[in-house]
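Participant: Provided below for reference: sequence and predicted model.
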Amino acid sequence: MKKAKYLCLILLFTIISYTILQLYGNQYTYSVAQQLSSDINGIDAAAYSGVKEKIQELQKKYPNWNFKVLYTNLDWNDVISNEYQGHGSSPKNLVSQSRDSSWICSICGNRAYDNGSWRCASESAIRYMMDPRNSLNENDIFQFEELTGSSAQLDVVKMMTAGTFLQGHEQGIINTANNNQVNAYYIVARLIQEQGKSGSTLVSGKTGFYNAFNIGASGSTSDQVIANGLAYAQKKGWDTLEKSIDGGIGFVANEYIKKGQNTLYFQKFNVTTNGTYWHQYQQNLTAAQSEGTTLRSTYQSVNALNSSHTFIIPLYKNMPVSSSVRPETTTGSLPGSDLVRINVNSSLKLRKAPQDNTLVAWLWKDEIVARLEKATTKIDGTYWDKVQKSNGQVGYTARETFDYESSYKLYLVPLNGSTSSGNAQVNTQVNTTKGDANGDGKLTASDYVLIKNHIMGTTQFDQNALLRADTNGDGKVTASDYVLVKNQLMQ
């Protein structure tokens, strides 16, 4: 009888423990021993396939770049399982509703989250974005940049803030960032990511309070997000933009960077020992990559790509042999039919619709995007083409300057062939066969896409294609060939 009683108590305890875990998820994670190493050559190629080679390729091209790897001691499949949580309430990862269906979670389907324009991310999308090998290229690497530092230059920050709601606040940002030992360039990129170039309601000051970092701004509708964000700002006494920026920088520094989440990747995907999986800055699945792109664009604009940068790459136990595949089913990552280059001095707004100015994302100088639809009639004085970024974000952007502007400029320049629009004509035909990946005897946007997809691991070349795609003749197909082809197409 007594034995049966004990068994009942054990069973009851087990049920209660299981229920608690179900209610609270995996907030109580096991403490794991993690190791940060600068020994790139010592990376086990069998356990972490492709990592060492990709890092070495970047080191070869950028000798001033420094790399570290964080051996997280976390199992890859456990990581994905913990990030694929929150269905029906608050998913850990969200994607824009404009994404291809393969990016959207099959459990939640079309259920709206946050302000209504976000959907729960699919497991395959999480795998793709979290697999570090997919971002070990010169375009996406800056989501891994170490965010500590105190050596920002005022003229560089001013270049980043030009034409944004942050213009005029540059020195204050640098001072607070330096006091907190935080990279000021990252701060500017984070603020633009959070508020958009022109700023949102949370930094308009209409209510007398400001929340530049969107701290505490959550909810299922836009009104709830704004109300909660402003309530937090009021609680903190942020009645000026300066106070909001200062307080936000201190919050990010103390709550994230100083606790080990010192890269954009670690802030989005917390695989450190500090609140593993739960202490994450935001739900936007592609936020780390997007903000990293802003950082890279800034460094490129001031010729600082070749300067010293330090990157921390996370590694997981039992990673798949091949890089996780991009979850595209209908649109593809960059359709080869009509690729265009963004021909602006800084950035171009990607909006929700021609007559809806809601920001989807920023298109950066010289960025390559796919044009999905080419407008045939003007709206409000210009043509609005539907385009897709390489990370899958879709929206509408102006093809050319508006009718009321005195000087004409074509913003979307085709990578191949010639086009005419208004008063301008652009010819970008390339007369060379180096890099001819598809073997059709000429260099076109299709070759660019094939080489990019091969490097990203979504397609594989046969031996003949490898020989053709080896643009620089070094015996292999790498990011260097990708850049050479892109530059030839854009000449």
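Facilitator: Happy to help now that I have it.

Participant: return the residues in contact with residue 135.
Facilitator: Contact partners of residue 135, counting by C-beta atoms under 8 Å, 6 or more residues apart in numbering, are 141, 143-144, 265, 289, 292. Backbone N, C-alpha and C define where each C-beta goes, glycine included.

Participant: closest to residue 389 among the residues you listed?
Facilitator: residue 289 (10.2 Å; C-beta to C-beta).

Participant: surely the closest one is within a strand?
Facilitator: No. Applying DSSP: H, G, I helix; E, B strand; the rest coil, one finds residue 289 to be helix, outside a strand.

Participant: could you give the number of residues near it?
Facilitator: By other C-beta atoms under 10 Å, the residues close to residue 289 number 21.

Participant: for it, give me its contacts.
Facilitator: 129, 135, 140, 143, 391 are the contacts of residue 289 under C-beta under 8 Å, 6+ apart.

Participant: same deal with residue 168?
Facilitator: Per C-beta under 8 Å, 6+ apart, neighbours of residue 168: none.

Participant: which strand or helix spans it?
Facilitator: If you go by DSSP states H and E, residue 168 is not part of any helix or strand.

Participant: related to what we said a few turns ago, tell me the one of the contacts of residue 135 nearest residue 488?
Facilitator: residue 141 (22.7 Å).

Participant: for the nearest residue to residue 267 once chain neighbours are set aside, helix, strand, or coil?
Facilitator: Distance criterion C-beta to C-beta, 6 or more residues apart in numbering; nearest residue to residue 267, sequence neighbours excluded, is residue 281 at 4.2 Å. Under three-state DSSP, residue 281 falls in the coil class.

Participant: just give the number of residues close to residue 281.
Facilitator: For residue 281, using other C-beta under 10 Å, the count is 22.

Participant: from residue 155, how far out is it?
Facilitator: 28 Å (C-beta to C-beta, to the nearest Å).

Participant: where do the strands sit along this structure?
Facilitator: Taking DSSP state E as the test, the strands found in the chain are 35-37, 65-75, 94-96, 118-120, 309-317, 339-342, 347-353, 356-364, 368-373, 384-388, 394-398, 412-414, 418-421, 424-427.

Participant: thought residue 77 was touching residue 130, still the case?
Facilitator: No. Shown here, residue 130 and residue 77 do not form a contact pair, counting by C-beta atoms under 8 Å, at 11.5 Å.

Participant: who has more neighbours, the two?
Facilitator: When neighbours are counted by other C-beta under 10 Å, residue 130 and residue 77 differ, and residue 130 comes out ahead with 23 against 14.

Participant: residues contacting the residue nearest to that one when sequence neighbours are not counted?
Facilitator: Counting by C-beta to C-beta, 6+ apart, residue 269 is the residue found nearest to residue 130 once chain neighbours are left out, at 5.6 Å. For residue 269, the contact set (C-beta under 8 Å, 6+ apart) comprises 79, 83, 130, 280, 288, 314.

Participant: who wins for neighbours among those?
Facilitator: Highest count within these by other C-beta under 10 Å belongs to residue 288, 26 neighbours.

Participant: ok, it to residue 250 distance?
Facilitator: 21 Å.

Participant: what does residue 437 give?
Facilitator: Distance from residue 437 to residue 250, by C-beta to C-beta: 49 Å.

Participant: how does this protein divide into domains?
Facilitator: 1-30, 339-427, 445-490 (automatic domain parsing).

Participant: lowest average confidence across the ones you listed, which one?
Facilitator: Mean pLDDT values for the domains of the chain show the minimum at domain 1-30, a mean of 40.

Participant: okay, now the unreliable bits of the stretch 1-150 of the chain?
Facilitator: Residue ranges of the stretch 1-150 of the chain with pLDDT under 70: 1-31.

Participant: run through the residues that contact residue 104.
Facilitator: 95, 110, 119-122, 125.

Participant: could you work out the most separated pair of those?
Facilitator: Pairwise over those, using C-beta to C-beta, the maximum falls at 110 and 125, 15.4 Å.

Participant: the two: who's more crowded?
Facilitator: residue 125 (26 against 10).

Participant: quick check: the closest residue in space to residue 138 that isn't next to it in sequence vs residue 205, distance?
Facilitator: In this structure, residue 138 finds its nearest non-sequential neighbour in residue 479, 5.5 Å apart by C-beta to C-beta, 6+ apart. Separation of residue 479 from residue 205 (C-beta to C-beta) stands at 44 Å.

Participant: of those two, which one has the most company?
Facilitator: More neighbours surround residue 479 than the other of residue 479 and residue 205, with 19 against 14 (other C-beta under 10 Å).

Participant: now do the same contact list for the more buried one.
Facilitator: Here residue 479 is in contact with 57-58, 61, 137-138, 455 (C-beta under 8 Å, 6+ apart).

Participant: narrow those to just the buried residues.
Facilitator: 57-58, 137-138, 455 (16 or more other C-beta atoms under 10 Å).

Participant: output those residues in CSV; the columns should cover distance to residue 365.
Facilitator: Output for these, formatted as CSV (distance: C-beta to C-beta, whole Å):
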residue, distance to residue 365
57, 25
58, 22
137, 18
138, 16
455, 22
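
Participant: most widely separated two among those?
Facilitator: 58 and 455 (11.8 Å).

Participant: and the contacts of residue 479 as JSON lines, adding distance to residue 327?
Facilitator: Formatted as JSON lines, the contacts of residue 479 follow (distance: C-beta to C-beta, whole Å):
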{"residue": "57", "distance to residue 327": "25"}
{"residue": "58", "distance to residue 327": "25"}
{"residue": "61", "distance to residue 327": "29"}
{"residue": "137", "distance to residue 327": "18"}
{"residue": "138", "distance to residue 327": "23"}
{"residue": "455", "distance to residue 327": "18"}
